[in-house]
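Participant: Compute the structure for the input listed below.
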Amino acid sequence: MRIGIFGGSFNPPHLGHMLIATEVKEKAELDRLIFMPCAIQPHKAERVVPDGTHRFNMVCRSIGNNSGFEVSELEIKAGGKSYTAKTLEELGKIFPDDRLCFIVGADSLCEMDTWFCPEYIFRSAEIIVTMRGGMDERELDNSINFLRNKYNADIRKVQMNVIEMSSSNIRQRIAEGKSIKYMVSDDVIEYIRENSLYEGCSKGYAEV
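Facilitator: I've put the predicted structure just below:
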């Protein structure tokens, strides 16, 4: 069985995340896709990060009844900084007979050589790198060849046809009282409202 691992802060999860997951699952022929909200991202410093339970709940609301998607609390329950190598080690114990496929953006792939225990990451999982229009594919190919030569990495490129969207922009729109409808699911909008997760979320974000 091929199991995709889609990690991130999901702060908040948006429809772009869901579109990426859908395309990767289909194009990489994954049997399952697991969203893995982190506890603390070691490579990013975000000012506003709701408790992991909130982000887990928002991902659950985002995927709804899609039987091909699931969400794991593995990194959230572990706490502290979430390192991919440690996560893959734990997942290898849970799924010893399956092929783990770690999903990563092209920008992150170019930095993976600096991550914690990169040799373990490339030994433990196939890397599925998502590509978007307008990126420098030659630079990406250079990074792929470097990682293949250094770590014998198994890397597969998947071309995306998704709308550009970012969690940081959504957080800013919430803080400014602007609408985020059609950017996140209605269930997530309601969850943000109910829990007052982001500054300024008490007004304006749910309107058309």
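Participant: I'd like to know how far Arg173 sits from Asn57.
Facilitator: 21 Å (C-beta to C-beta, to the nearest Å). The C-beta positions use only the backbone N, C-alpha and C, and glycine is treated the same way.
Participant: cool, Val49 as well?
Facilitator: Val49 is 14 Å from Asn57, by C-beta to C-beta.
Participant: go on, Gln172?
Facilitator: 22 Å.
Participant: which residue ranges form the helices in this structure?
Facilitator: Assigned by DSSP state H, the helices in the chain fall at 15-27, 52-63, 74-78, 84-94, 106-109, 118-124, 137-151, 167-175, 186-195.
Participant: pLDDT score for Glu119?
Facilitator: Predicted confidence (pLDDT) for Glu119: 98.
Participant: just to revisit the earlier point, tell me which of the helices of the chain approaches Val158 most closely.
Facilitator: helix 15-27 (4.9 Å; C-beta to C-beta).
Participant: from the chain's centre, how far out does that closest one sit?
Facilitator: 10 Å (C-alpha atoms, centre = their mean, to the nearest Å).
Participant: C-alpha coordinates for that helix, CSV please?
Facilitator: Provided in CSV are the C-alpha atoms of helix 15-27 (Å, rounded to 0.1, in the frame of the first residue of the first chain):
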residue,chain,number,x,y,z
LEU,A,15,-9.0,24.8,0.0
GLY,A,16,-5.6,24.9,-1.7
HIS,A,17,-4.4,22.2,0.7
MET,A,18,-7.3,20.1,-0.3
LEU,A,19,-6.7,20.5,-4.0
ILE,A,20,-3.1,19.6,-3.6
ALA,A,21,-4.0,16.5,-1.7
THR,A,22,-6.5,15.5,-4.2
GLU,A,23,-4.2,15.9,-7.2
VAL,A,24,-1.2,14.2,-5.5
LYS,A,25,-3.3,11.2,-4.4
GLU,A,26,-4.6,10.7,-8.0
LYS,A,27,-1.3,11.4,-9.9
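Participant: and the angle from that helix to helix 167-175?
Facilitator: Relative orientation of helix 15-27 and helix 167-175, computed by axes from the mean of the first three to the mean of the last three C-alpha atoms, to 10 degrees: 150 degrees.
Participant: Can you list the low-confidence ranges for this protein?
Facilitator: For the chain, applying pLDDT under 70 flags the ranges 44-48, 133-134, 199-208.
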